[in-house]
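Asks: coordinates only, sequence not included:
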């Protein structure tokens, strides 16, 4: 999830758990604590680009790591606030909740979160929210602003502290239910059209929970489709994107290629553009078009065999070529339904 969401979520958690005891400082520590797992971004430049993909949302987002470091922070803060009414138990509860809330929220978005590391490299991604979801963040932001304005002893603080947490949690719950409902629509439509698939992946398009896309695997490629709650029919138009493994020739088994395939959770395809080979992660499918443009992807890496490069392959991140404003305009129009 985006940094702002973590800041306001953490601030509301801090207010709820420690606001009465240490005042508005609880919001500051909550905001910082809820962002703590993202400390991994400072280490990603030390790694090869494909390895860095697994460093972010990796060990610092794991339950084991956060459970172990929470008591350490709690002990330090209990010493710092030894003259306050807080106890070490208060701080353990605070840091445990603020830390764990971060990967749980991240797991509701795309990318994948290594909550079980180091025991498993499985990365949880139950994509019920886009990484920036205004309707999730807004009630938390409202509470955050009001709590900053209200005095420490105001009787209204209790209401506003709960307002943000309850409203955002309710929206997340509705988004999860929405995902289940949308998944049924997609799977029924594919079966009605005799589209055979081994697995499928649903996710909301940017900044909303109304328009969703599906990427379904079969043995040769992937089927992609979109559905809006404002669509007049549930007969979804799907388009096929071949996986094109044959384009990789002698680099398919290379560390770089295999890591990118693992990162994509198998939702990938290879394409050739201007004589260059690209691997594209279709989990980030929306690229401003809804008609199956197989030459433009949001998350794409150029690959070139080079024995002098690390792992023997040159890699470069491809920039999304669409005009942002044009893409957003098309998104709004598609949300309105067809």
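Replies: Now that the structure is in, tell me what you want to look at. Not measured: the values here are computed from a predicted model.
Asks: Could you pull up the contacting residues of residue 267?
Replies: Residues in contact with residue 267, defined by Cβ atoms under 8 Å, 6 or more residues apart in numbering, are 201, 215, 217, 222, 281, 282, 283. Just so you know, the C-beta spots here come from the backbone N, C-alpha and C atoms, and that holds for glycine as well.
Asks: Any stretches of the stretch 51-200 of the chain with poor pLDDT?
Replies: Counting by pLDDT under 70, the stretch 51-200 of the chain has no low-confidence residues at all.
Asks: can you pull out the helices in it?
Replies: Assigned by DSSP state H, counting those that start in this stretch, the helices in the stretch 51-200 of the chain fall at 63-80, 88-106, 134-149, 157-192.
Asks: Just name the most buried of these.
Replies: Mean neighbour count (mean count of other Cβ atoms under 10 Å) peaks for helix 88-106 among the helices of the stretch 51-200 of the chain, with a mean of 20.
Asks: and the angle for it with helix 157-192?
Replies: 30 degrees (axes from the mean of the first three to the mean of the last three Cα atoms, to 10 degrees).
Asks: Check which helices and strands helix 88-106 is in contact with.
Replies: helix 3-22, helix 25-35, helix 63-80 (3 or more Cβ pairs under 8 Å, 6 or more residues apart in numbering; DSSP states H and E).
Asks: is it possible to export those to a markdown table including distance to residue 126?
Replies: Converted to a markdown table, the helices and strands packed on helix 88-106 look like this (distance: least, Cβ to Cβ, whole Å):
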| stretch | distance to residue 126 |
| --- | --- |
| helix 3-22 | 16 |
| helix 25-35 | 19 |
| helix 63-80 | 15 |
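Asks: Which one of these lies nearest to residue 144?
Replies: Nearest to residue 144 among those is helix 3-22 (4.3 Å), distances taken as Cβ to Cβ.
Asks: Report the mean confidence score over that closest one.
Replies: Across helix 3-22, pLDDT averages out at 96.
Asks: Give me the residues contacting that helix.
Replies: 26-35, 38, 81, 84-86, 90, 93-94, 97-98, 101-102, 105, 132-133, 136-137, 140-141, 143-144, 147, 157, 161-162, 164-165, 168.
Asks: Please report the number of neighbouring residues for residue 153.
Replies: Neighbour count of residue 153, defined by other Cβ atoms under 10 Å: 8.
Asks: Next up, the contacts around it.
Replies: Residue 153 neighbours (Cβ under 8 Å, 6+ apart): none.
Asks: mind checking how far it is from residue 119?
Replies: With distances taken as Cβ to Cβ, to the nearest Å, residue 153 is found 46 Å from residue 119.
Asks: before we move on, what about residue 298?
Replies: 31 Å.
Asks: One more: residue 184?
Replies: For residue 184, the distance to residue 119 - Cβ to Cβ - is 33 Å.
Asks: again with residue 215
Replies: Counting by Cβ to Cβ - residue 215 and residue 119 are separated by 28 Å.
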